[in-house]
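In: this is a predicted model, with the sequence first.
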Amino acid sequence: MPHIVETIPQAIKIAVLGAAGGIGQSLSLLLKTQLRSTSHVHLALYDVNADGVNGVAVDLSHVDTPVTVSAHSPQTNGMMECLAGADLVLIPAGVPRKPGMTRDDLFAINAKIVTSLADSVAQHCDLGRTFVLVISNPVNSLVPAFVERLAQRVPEGIDASRRVLGVTNLDVIRASAFLHELAIAAHYKPRDNEMPRVPVVGGHSGETIVPLFSLADQAFPLTKDQLQQLVHRVQYGGDEVVQAKNGAGSATLSMAHAAFKCAQGFVALLGGEQEEYQGTYYVSLLDRVGQPIGAGAGKLLALVDGCSYFAVPVSVTVGGGIRDVDYKVVQAMSEYERTSMLPLCFAKLKNGIQAGRDAS
Ligand code: NAI
């Protein structure tokens with residue numbers, strides 16, 4: 001006898017904006033095939049490339065996992081259908097880098113795309129419950145642009161700064177992968193064959209990326225030179241991919257993996273499997289009325305020279321959004337990291353934040 005099908009008590013809707021692109025396709029595949037949840041999950045895929053997104057959705061819908069999939073595009077007024085009721089909105093929409101470009105070179109075109117998506121989110125999402133993860137570059141500027149555009153569009157009482165998070169997890173993943181690679185090359189076996197974990201704070205571009213190897217959860221006896229090379233590699237790791245792809249784009253597969261891990265954390269939170277979720281994101285440290293987001297943000301602001309957006313471990317709840325940030329990781333960094341790396345980060349980050357604000 002077949003089981004009687006139960007009605008769906010709770011569903012989580014994930015919208016991917018830019019789903020036909022390099023990141024969007026790989027990320028959607030991971031969400032369709034690898035996501036674990038006790039709740040039903042629906043993937044709503046949107047792209048301005050209608051044929052592209054239809055193809056991706058039909059292709060994925062043949063995979064035998066419980067996640068359901070739909071395609072949306074401007075041709076069918078699909079933005080409203082895509083965003084209505086979305087719990088999590090993932091945004092990899094925009095143009096990627098080509099060799100010789102910095103992330104800031106993408107700013108003009110991607111700021112237009114992302115602020116228009118902020119208008120759509122303000123119009124169609126309930127920001128009392130929706131989380132938005134911004135992947136498009138330059139993250140340092142596009143998150144302030146998105147947050148501040150949303151703040152202009154949503155009613156008072158809704159705090160967009162607590163619901164929008166910039167995805168910097170690829171930097172965390174690169175720090176872990178590169179440290180592991182070096183340790184293996186030097187014949188050190190990681191503990192229990194586990195990947196070492198390294199906090200990375202600051203922003204998501206060049207010297208604004210501050211990997212804290214002094215706080216890695218596994219220490220290897222590396223020379224000062226090796227450590228400096230590791231820091232540089234994490235800061236400019238994206239260039240390795242851009243050069244290797246030689247004009248065909250930037251990181252897509254590693255980025256999809258990084259964003260998938262973020263999405264999995266949010267799905268566990270949204271599905272009630274955990275009450276609080278912690279992860280590293282680039283977020284506003286100030287709420288809508290200019291007060292620090294939690295006691296930790298108040299302390300962090302004094303440590304980061306007043307940068308009002310910063311990548312740092314954050315704790316998030318469904319109802320309250322970003323509840324607090326972990327300032328202790330910044331307080332605990334080594335003297336070298338504090339005096340040699342942080343000042344370079346601050347100056348560039350502040351420029352990036354201002355550019356984003358101006359574009360909102
Ligand atoms: P891609 O060009 O392959 O895909 C972008 C997709 O966005 C395309 O399918 C395009 O049709 C779509 N799109 C453009 N405008 C749109 C709009 N208004 N609404 C919906 N969709 C729209 O680019 P890729 O490689 O997927 O990269 C996407 C973005 O992610 C780039 O800005 C890139 O720099 C960024 N990125 C971010 C990383 C991070 O660590 N946060 C790492 C790697 C890339």
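Out: It's in.

In: just give me how far stretch 140-150 sits from the chain centre.
Out: 13 Å (Cα atoms, centre = their mean, to the nearest Å).

In: list the buried residues for the helix or strand where Q229 lies?
Out: According to DSSP states H and E, Q229 maps onto helix 224-245. Residues of helix 224-245 classed as buried by neighbour count (16 or more other Cβ atoms under 10 Å): 226-227, 230-231, 233-235, 237-239, 241-242, 245. No exception for glycine: its C-beta is placed from N, CA and C like everyone else's.

In: for these, which one is nearest G272?
Out: Nearest to G272 among those: V234, at 34.8 Å, using Cβ to Cβ.

In: so who does the residue in the chain that the ligand sits nearest to touch?
Out: Closest to the ligand within the chain is G21: 1.9 Å, counting by Cβ to the nearest ligand atom. Residues near G21 by Cβ atoms under 8 Å, 6 or more residues apart in numbering: 47, 92-93, 96, 252.

In: try L349
Out: Residues in contact with L349 (Cβ under 8 Å, 6+ apart) are 140, 202-203, 208, 307, 309-310.

In: try 7 Å this time
Out: Residues in contact with L349 (Cβ atoms under 7 Å, 6 or more residues apart in numbering) are 140, 202-203, 208, 307.

In: equivalent analysis for S250, please.
Out: For S250, counting by Cβ under 7 Å, 6+ apart, the contacting residues are 96-97, 238, 241-242.

In: now with 6 Å?
Out: Listed by Cβ atoms under 6 Å, 6 or more residues apart in numbering, the contact partners of S250 are 96-97, 241-242.

In: as TSV, the residues you listed with distance to the ligand would be great.
Out: Shown next, in TSV, are these (distance: Cβ to the nearest ligand atom, whole Å):
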residue	distance to the ligand
P96	4
R97	6
V241	8
V242	9
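
In: from these, which is closest to Q123?
Out: P96 (26.9 Å).

In: what's that closest one in contact with, if anything?
Out: 249-250.

In: show me the shaky parts of the protein.
Out: 1-9 (pLDDT under 70).

In: show me the strands in it, by range?
Out: Taking DSSP state E to define them, one finds strands in the chain at 11-17, 40-46, 68-72, 88-91, 131-134, 164-167, 200-202, 209-211, 277-284, 309-317, 321-325.

In: quick one: L117 from L17, how far?
Out: Separation of L117 from L17 (Cβ to Cβ, to the nearest Å) stands at 6 Å.

In: who's more crowded, those two?
Out: L17 (31 against 26; other Cβ atoms under 10 Å).

In: my read is that that one contacts I91, right?
Out: Yes. L17 lies in contact with I91 (Cβ atoms under 6 Å); the separation is 4.9 Å.

In: near the ligand, which residues of the stretch 101-250 of the chain are found?
Out: Those residues of the stretch 101-250 of the chain that sit near the ligand, judged by Cβ under 6 Å from any ligand atom, are 106, 110, 113, 135-137, 139, 167, 170, 204, 249-250.

In: narrow these to those in helices?
Out: 110, 113, 139, 170 (DSSP state H).
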